[in-house]
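Novice: predicted structure and sequence below. I'll ask about it afterward.
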Number of protein chains: 4
Amino acid sequence: MTGNTFGKAFRLTTFGESHGAAIGGIIEGCPAGIDLDLAAVQLALDRRRPGQSKLTTPRKEGDQVEFLSGIFEGTSTGTPIGFIIKNNDAKSKDYDHLKDIYRPSHADFTYEAKYGIRDYRGGGRASARETATRVAAGAIANQILKGISITAYVKSIGKIFMPDTITTFSEAAIEASLVRCPDERTSKKMERAVAKAQREGDSLGGIIQCVIEGVPAGWGEPVFDKIHADLGKAMLSINAVKGFEIGSGFAGTKLKGSQHNDAFNADFTTQTNHSGGVQGGITNGAPIYFAVAFKPTATIFKEQETATKDGKSAKLKAKGRHDPCVLPRAVPIVEAMAALVLADHFLRSITNKAI
Amino acid sequence: MTGNTFGKAFRLTTFGESHGAAIGGIIEGCPAGIDLDLAAVQLALDRRRPGQSKLTTPRKEGDQVEFLSGIFEGTSTGTPIGFIIKNNDAKSKDYDHLKDIYRPSHADFTYEAKYGIRDYRGGGRASARETATRVAAGAIANQILKGISITAYVKSIGKIFMPDTITTFSEAAIEASLVRCPDERTSKKMERAVAKAQREGDSLGGIIQCVIEGVPAGWGEPVFDKIHADLGKAMLSINAVKGFEIGSGFAGTKLKGSQHNDAFNADFTTQTNHSGGVQGGITNGAPIYFAVAFKPTATIFKEQETATKDGKSAKLKAKGRHDPCVLPRAVPIVEAMAALVLADHFLRSITNKAI
Amino acid sequence: MTGNTFGKAFRLTTFGESHGAAIGGIIEGCPAGIDLDLAAVQLALDRRRPGQSKLTTPRKEGDQVEFLSGIFEGTSTGTPIGFIIKNNDAKSKDYDHLKDIYRPSHADFTYEAKYGIRDYRGGGRASARETATRVAAGAIANQILKGISITAYVKSIGKIFMPDTITTFSEAAIEASLVRCPDERTSKKMERAVAKAQREGDSLGGIIQCVIEGVPAGWGEPVFDKIHADLGKAMLSINAVKGFEIGSGFAGTKLKGSQHNDAFNADFTTQTNHSGGVQGGITNGAPIYFAVAFKPTATIFKEQETATKDGKSAKLKAKGRHDPCVLPRAVPIVEAMAALVLADHFLRSITNKAI
Amino acid sequence: MTGNTFGKAFRLTTFGESHGAAIGGIIEGCPAGIDLDLAAVQLALDRRRPGQSKLTTPRKEGDQVEFLSGIFEGTSTGTPIGFIIKNNDAKSKDYDHLKDIYRPSHADFTYEAKYGIRDYRGGGRASARETATRVAAGAIANQILKGISITAYVKSIGKIFMPDTITTFSEAAIEASLVRCPDERTSKKMERAVAKAQREGDSLGGIIQCVIEGVPAGWGEPVFDKIHADLGKAMLSINAVKGFEIGSGFAGTKLKGSQHNDAFNADFTTQTNHSGGVQGGITNGAPIYFAVAFKPTATIFKEQETATKDGKSAKLKAKGRHDPCVLPRAVPIVEAMAALVLADHFLRSITNKAI
């Protein structure tokens, strides 16, 4: 049983390798009768696209999505929405030297262990290129979520953190920053840090914060499909993610119950929001906020110790085109995965009560 | 679409409320021909059972599991294993005062918002009592995982942390501690802290660490069912959990790639293990380790501001029997959920390659 | 991946062997807020129960269903409904002689081939006793289907057929017949035939017809989950079923298109109903009708040639208590499976269009 | 929850409308390391292709499948196999007159009732064009089934039946017939009958028989996913299918148990095969055989009574290009769906026993 489908009522199934002919997916569960804004889908893809700034990989992919079905004269028909994104600028030659050697902290060795074969060109299926399909589908999911805003931004890169807050920032403020950090001062520092890592052939990690507003109370399915459990899985399935926390998260473990509990107002809003908008796995109407930890990019241009396929020690230095820090481009991916989770739980919640 | 099933090849479906007649579940996918150690299942339940120490709720539940099917003369038959655990010591009267009022940071309000009705006795389906079924199923899952050890322990309670390490500890060392912290000095401090919170009518949270050894390389299913994504979902679905991190987690975001990458030895072991045993969502044979953040218990005996069902301000003080800190009893739950994930991925991995 | 779950939005997962402690199941997806008529569930079980007439097995099972969760003060809560039915009158001794021998046209050999082990007592999991859980769940499913009637009856036993029609018959007319054939004359003939087979130690098969009225247009999910494909699977999963046809079925293959097509009236009703209420896998508002073929009961009291587990020729004559013809008791099973399919597709259809 | 995925371990998810840009699918679960014969896939598609003989629709589709992922240097990699088949010869103009009118016994009305919108060009998603994706996936499935032969052929068209038998016929004998009936005399009669229906603007139905040899004992999952239940669902999900029977089917209901039971030989083969190779939903090693009933093509060139979208009576006469009898082209579809079911159950059976 493979794992290429995400969601139950709103579902995305994907395929594709970094250097194959195309990547793509099938979106199921989009209700009929929605006038889809396909330009918005392309816009989301453009935000994830390589080559968008001097701080990202120079690989040039137009990332033009082609919708093949499920949309008739601009409106969803209720049938599956198939789409592809062609791989145009794949430079497979750059990867010939990786045929028989494993890159440290990449999935080369593990794919080989699992399948006995791997498409070594550009990371194959393990490449973050795959996430473009998530962004396309997330942008469709977003269009069935009325009155809901999903906003992610870069909270930290390496040791540089922006001031702690769970406010929503304007898209403009986020997009104005090369690293998608809405705090201008912090953004400048981050940009310098990324540029430095780039010069040094090294890489940086960081944390993305996501704030969701407008979700009504009542979404999320006990006991295993708690909405934050599904959000957690969604985020942890993104390349390079090593951690997830909702609401007070790890820091909240240091508080006492009397400090942590969110007292109710008479109108069922809460005086604090340590819960992060979720109680018992079900939304309570307050903003949902969570943080996602990304490790530093595994591809670095410094020499590393590693092993060849036949078990010999070797030295390796990256070739190819890579991001010194994936966080800026990961922002739309986090938003897309959040949209997929919400669309799924929106549809699932509809039948909770007798009609 | 409800969410009461966990896993795909090895599956657990559960039912039951805290004060109903019984809780229970159906385990599917246990291969035929395994001589099951049912005493080991009961032992796992005993570790989660209420009333096991002065630091836990005095509710007295024998938590005797009754297996109803799928086992013939002690051996699994390949058919579903149905089981129930009766609720014996439910004191529903203790909850009458909660019929029309919502407890802060509990799921009372959200269940009502979702379903328009709730079984308010003992927290109903939202009660952590439900996790007993996970422990029972996890103890079965554990028996199909040959040569694998799953060991969880309490790493922190409130602000008290044990020395940082990712070593496996002996079960004896963990069980010797009232709070299941294998570091004796830290354990004593934690016990005092929990006792103090108990006296004050307050509660504490903390972090559980889990270390898994013996998993071969090749388990985990790209791209959505990465093994750490499934582990994350498993843990986040446990009551009171607010965060999950694998390997270097949030701290790892501060490292550079050149510091974080796990260089390979010639035998494909790695010189470090920042990955936490997983690369690209697939195990690499190194120990898997992860941390799980639990918020402080929501039930406290201090007066809190809240709201009644009909939207009036109110004051509330807990009655009933509760744990001032859930972490000691959560240790076997974390282990059980890890076992469920591993058993599922073990079975799923078998068909990865042509046979 | 085992196959003990039926349905996607409205789901039943079952467990249990014929001679284990109990059989049971978990019903998921029943919306909250439905005042459930549990007496109706027991009534449905009574119609399937062994020992209800001189023409059925004398095994005496009260088949009392015990609901363990998901219902609070008589109303569904939206959480899973767990239930068990105890096995009281299991006479396992009757089956000792089957430990090492395979009964012809039973599942003894195939279970052994599949699992390497089998619970030989009373047919184990392969026993039709399992269908009691379907009847219980179907009776719950039925209660979320407002304005829909599902009526099955025996159309033929052996070579005795009732006059061809697709009318709905009153439950009274069906229940008045010992063999559940609403045509009184045919019923008498069938009763005599069954009694004769019983005396001769032989068995009979037959066909059950089911007519469903009141289903609105628009249920059924292209392309694989066509509603008649799901009905077909549901029926074929019942013990002893060898065939399924909807609408004109096999006989319709002999008509020309100009004879077979159902011309529309201006109000979208059709002048004929060869379609059986389904076009393109989606209901059209006309009555749904289908036929289900049951082979003669495999257990007969005549001597048969067979083989022992270790590959020796042997003779076998049934012991134990058995139905000479399963059709009368299969009527409520067919209705229950139809109800499960309809409840599932009702819930699934709700999100077809944008809301 | 839509229904565009078939299978659990070996899965096909499809998309596409008759006159959209392309149809396609994603195949999951194909084990890694299989050297795939892609020419065989194209060959299977050619057998289903329109325009292959004077008795089929003259629509000219090359039906060239393009594989986009999951195959590296000719070998399966274990990752999802995405593929598309472009729609080249769609003459959408032919369907303009259907925008506001419903064709009798087509899915026009039901799609509109379900979704409130339909792509009326060429039948949209309801078109049998969708089955090309099944044939492509089935041809992949077939390649993981070693030593198994799946052979379907036309058993009857209208009232013309070939002599009753369950023998396997050579592919050559089947392909030599324009209507894919391996009995030469019957084939000639059928050809004349189809040509006559074509001239008269009418259509014919019929029955396809399928025989599968080489399946070992032990495939099929109790209790709901019995292998013949899954085969039945697979077949009933094909356009125009109204009935399915396995083994003795409907005719078997007229036999007594003593006639119908398949006595065992000492080597566990059976003296007869009324079971059709399946007992208790699990294969027994004997040939599997089943019959599938297809209604006459709904599209006819005779004038029919029908209704317009706004509820007015109307007359309608088909335009466009259509098959007077779908059976010859349905043969590879039946084989493909059988292969999908078998591949799924093969993979699922692997974990039945402890390893």
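Specialist: Thanks, I have the structure now. Small disclaimer: the values here were computed from a predicted structure and weren't measured.
Novice: just for the stretch 51-200 of chain A, where's the confidence low?
Specialist: For the stretch 51-200 of chain A, the stretches with pLDDT under 70 are A:59, A:90, A:166.
Novice: residue of it nearest chain B, please.
Specialist: residue A:107 (2.4 Å; CB to the nearest CB). For every residue, glycine as well, the C-beta is placed using N, CA and C.
Novice: state the distance from the closest residue to that residue other than its chain neighbours to residue C:185.
Specialist: Among residues not flanking residue A:107 along the chain, residue B:280 sits closest, at 2.4 Å (CB to CB, 6 or more residues apart in numbering or on different chains). As for residue B:280, its distance to residue C:185 is 71 Å (criterion: CB to CB, to the nearest Å).
Novice: equivalent analysis for residue A:5, please.
Specialist: Counting by CB to CB, the gap from residue A:5 to residue C:185 is 55 Å.
Novice: okay, those two: which has more neighbours?
Specialist: Neighbours per residue, other CB atoms under 10 Å in any protein chain shown: of residue A:5 and residue C:185, the larger number sits with residue A:5, 22 against 10.
Novice: what sits against that one?
Specialist: A:11, A:12, A:13, B:224, D:5, D:13, D:28 (CB atoms under 8 Å, 6 or more residues apart in numbering or on different chains).
Novice: any idea what the first one is bridged to?
Specialist: Beta-bridge partners for residue A:11, by DSSP bridges, are residue A:28.
Novice: what about the helix or strand where residue A:234 lies, near chain B?
Specialist: Counting by DSSP states H and E, the element that carries residue A:234 is helix A:227-236. Yes. Helix A:227-236 is in contact with chain B by CB under 8 Å from any CB of the partner chain, via A:228, A:229, A:230, A:232, A:233, A:234, A:236.
Novice: need the contacts of residue A:5 in TSV (columns: pLDDT).
Specialist: Output for the contacts of residue A:5, formatted as TSV (pLDDT from 0 to 100):
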residue	pLDDT
A:11	98
A:12	98
A:13	98
B:224	98
D:5	98
D:13	98
D:28	98
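Novice: which of those are buried?
Specialist: A:11, A:12, A:13, B:224, D:5, D:13, D:28 (16 or more other CB atoms under 10 Å in any protein chain shown).
Novice: the first one contacts residue A:27, correct?
Specialist: Put plainly, it is residue A:11. Yes. Contact status for residue A:11 versus residue A:27: in contact at 7.3 Å, counting by CB atoms under 8 Å.
Novice: what about residue A:124, distance to chain C?
Specialist: Separation of residue A:124 from chain C (CB to the nearest CB, to the nearest Å): 26 Å.
Novice: identify the residues contacting that residue.
Specialist: Residues in contact with residue A:124 (CB under 8 Å, 6+ apart) are A:17, A:18, A:19, A:111, A:118, D:72, D:77, D:79.
Novice: how many neighbouring residues does the closest residue to residue A:76 other than its chain neighbours have?
Specialist: With CB to CB, 6+ apart as the criterion, residue A:76 has its nearest non-adjacent residue at 4.4 Å, and that residue is residue A:34. Counted with other CB under 10 Å, the neighbours of residue A:34 add up to 19.
Novice: phi, psi of the residue nearest to residue A:109 when sequence neighbours are not counted?
Specialist: In space, and not counting its chain neighbours, residue A:109 is closest to residue A:102: 4.2 Å by CB to CB, 6+ apart. Dihedral angles phi and psi of residue A:102 (degrees, to the nearest 10) take the values phi -110, psi 130.
Novice: neighbours around residue A:99, how many?
Specialist: Neighbourhood size, residue A:99 [other CB under 10 Å]: 12.
Novice: that one reaches residue A:118, doesn't it?
Specialist: No. Using CB under 8 Å, residue A:99 is not in contact with residue A:118; the gap is 9.4 Å.
Novice: and the residue nearest to residue A:107, what does it touch?
Specialist: A:106, A:107, A:110, A:111, A:126, A:239, B:220, B:222, B:226.
Novice: okay, the first one and chain D: tell me how far apart.
Specialist: Which is residue A:106. In terms of CB to the nearest CB, residue A:106 sits 16 Å off from chain D.
Novice: so that residue touches residue A:127, yeah?
Specialist: No. Contact criterion CB under 8 Å: residue A:106 and residue A:127 do not qualify, at 9.7 Å.
Novice: which parts of stretch A:58-76 are buried?
Specialist: By 16+ other CB under 10 Å, the buried positions in stretch A:58-76 come out as A:59, A:61, A:63, A:65, A:67, A:68, A:69, A:70, A:71, A:72, A:75, A:76.
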